[in-house]
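Asker: quick one, fold the following:
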Amino acid sequence: MSQDSTDPAVSVRNAYKVFGRRPERGVDQLRAGATREELLQGGLTPAVIDASFDVAESEIFVVMGLSGSGKSTLIRMVNGLWEPTAGVVRVGGEDIAKLTGRELRRVRRDRISMVFQNFALLPHRTVGQNAAYALEVQGVNRADRERRAAHALSMVGLDGWGGHRPDELSGGMRQRVGLARALAAETDVMLMDEAFSALDPLIRREMQDQLIELQHELGKTVLFITHDLNEAMRLGDRIAMMRDGRIVQIGTSEQILNDPATDYVAQFIQDVDRTRVLTAGAIMEPPVAVLGAAQGPRGAHRLMREHQTTTLMVVERGKLLRGVVHESDVADAVAVGRDDLNGMIHPAVAVRPDAPLVELMPASAASAVALAVVDDGGRLLGVIPRVTLLNALVDPVSQATGTQPTVVGEEVPS
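Answerer: Residues are numbered from 1 along each chain as shown. Purely as a prediction, here's the structure:
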């Protein structure tokens, strides 16, 4: 069955996985309102309960939860290791549970590649042979698989290591081999089950950077499993948070941080460093008004009065940021009858929309006006007044409960 262009890369609908005798009975009980604890007391273990989500092509979708939350069971249903007790799991439009053994092997070979926590390298094979292993299973001829494996190793920074044995590599390098093996297979979807959990913090961050770069370059669809919320926030285009088998919230990092769906999520995110998760694009707001570069001081004066603002961002043809004009300069120009802005446009502090808040704080502290958020072409996307930046650093749980606000991250000079 071919994948329609509108199909998500992975689709899970009302999926249950219950372990024990007569698991279908457990699904019926859950649908009728029974709790997970009641099923456990009856000898059944509900690992995944009524899970539904889609993963779009070229998306990094992170499933995050503590041990026992059901996240690893969920990924095993996606690759067909475990069949759902109820519900539907599709990869590339194909219902995994309805495939024959041969068809399932084809999907695993051609559509899905796995990166494991424990590297899963074959110790008696070289690094290059390990990277090419999936291609060997696919029946690719030796010359082509060696070429593709070498290219994949180069992409993960292991160029020239193909002839070494896995035991000659550090833990981080061995995990890169596992990633290269998945890339060499050139599948549509990569499943990563706690792939970086065994690495020390520095190497782990390097691998996260590597994955982000590769995904931007190759547009892979990634379903990533982790128990680390900071890792989830850093990697995920969207995040599904699981607890006791259920997905309790799906959203972007910003949505989960700013609008937690449950008290559990709210408590979970309290220790997240918001300055490294939230970006300029997530908190920017439209400017109250902008001034065209061809408009003169009188036009600026009128806009300032109408919108009760002391500064205006100046744009050219409504797009390219020219800078900012101040009320004092405008008033002086109007007083002497000037009709142009020459010498009045001051440089604005411009930041990219993907810049994390931690990088904005020094610039905001040093700037008398709002930061300008611009794209690569210099187009003005929005502005960030200092009060908006400060408000973004405040823990929303403290705001909602009325407790003393807690600012997370580095202190912003006044």
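
Asker: now the residue most central in space within the chain, what are its backbone angles?
Answerer: Taking C-alpha atoms, centre = their mean, the centroid of the chain lies closest to G236, which sits 1.9 Å from it. Backbone torsions for G236, taken as degrees, to the nearest 10, come to phi -80, psi 130.

Asker: these two touch, right, it and V63?
Answerer: No. Using C-beta atoms under 8 Å, G236 is not in contact with V63; the gap is 9.1 Å. Placement of C-beta: from N, CA and C, glycine included.

Asker: still on that earlier bit, and the residue nearest to the residue nearest to the centre of the chain when sequence neighbours are not counted, what are its bridge partners?
Answerer: Nearest non-adjacent residue to G236, counting by C-beta to C-beta, 6 or more residues apart in numbering: V62, 3.5 Å away. Legend: beta-bridge partners of V62 under DSSP bridges are F224, I239.

Asker: kindly report the same for V315.
Answerer: Legend: beta-bridge partners of V315 under DSSP bridges are G292, L321.

Asker: how many other residues sit next to it?
Answerer: 20 (other C-beta atoms under 10 Å).

Asker: kindly report the same for L389.
Answerer: L389 has 23 nearby residues by other C-beta under 10 Å.

Asker: burial of the residue nearest to it when sequence neighbours are not counted, as a residue count?
Answerer: Closest residue to L389 apart from its sequence neighbours, by C-beta to C-beta, 6+ apart: S364 at 5.2 Å. Other residues lying near S364 total 22 when counted by other C-beta under 10 Å.

Asker: helices or strands up against the helix or strand encompassing S364?
Answerer: Here S364, judged by DSSP states H and E, is contained in helix 357-366. Using 3 or more C-beta pairs under 8 Å, 6 or more residues apart in numbering; DSSP states H and E, the elements in contact with helix 357-366 are helix 274-277, helix 280-283, strand 350-351, strand 371-374, helix 386-392.

Asker: name the residues that touch stretch 362-371?
Answerer: 280, 287, 311, 313, 324, 326, 348-351, 360, 383-386, 388-389, 412-414 (C-beta atoms under 8 Å, 6 or more residues apart in numbering).

Asker: now A392, nearest residue through space, not along the chain?
Answerer: In space, A392 is closest to I283, 4.5 Å off (C-beta to C-beta, 6+ apart).

Asker: which residues touch that neighbour?
Answerer: I283 neighbours (C-beta under 8 Å, 6+ apart): L357, I384, T388, L389, A392.

Asker: what's D110 in contact with, if anything?
Answerer: Applying C-beta under 8 Å, 6+ apart, the residues near D110 are Q138, T187.

Asker: now the helices for the stretch 51-200 of the chain?
Answerer: Ranges of helices within the stretch 51-200 of the chain are 71-78, 101-110, 127-131, 133-138, 142-155, 171-184, based on DSSP state H, counting those that start in this stretch.

Asker: pull out the buried positions in the fifth one.
Answerer: Buried residues in helix 142-155, counting neighbours by 16 or more other C-beta atoms under 10 Å, are found at R145, E146, R148, A149, A150, A152, L153, M155.

Asker: could you pull out the strands for the stretch 201-350 of the chain?
Answerer: 221-226, 238-243, 246-251, 290-292, 311-316, 320-326, 350-351 (DSSP state E, counting those that start in this stretch).

Asker: mind putting the helices of the stretch 51-200 of the chain in JSON lines, mean pLDDT and distance to V48 included?
Answerer: Converted to JSON lines, the helices of the stretch 51-200 of the chain look like this (pLDDT from 0 to 100; distance: least, C-beta to C-beta, whole Å):
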{"stretch": "helix 71-78", "mean pLDDT": "94", "distance to V48": "5"}
{"stretch": "helix 101-110", "mean pLDDT": "90", "distance to V48": "19"}
{"stretch": "helix 127-131", "mean pLDDT": "93", "distance to V48": "32"}
{"stretch": "helix 133-138", "mean pLDDT": "87", "distance to V48": "27"}
{"stretch": "helix 142-155", "mean pLDDT": "92", "distance to V48": "32"}
{"stretch": "helix 171-184", "mean pLDDT": "90", "distance to V48": "24"}
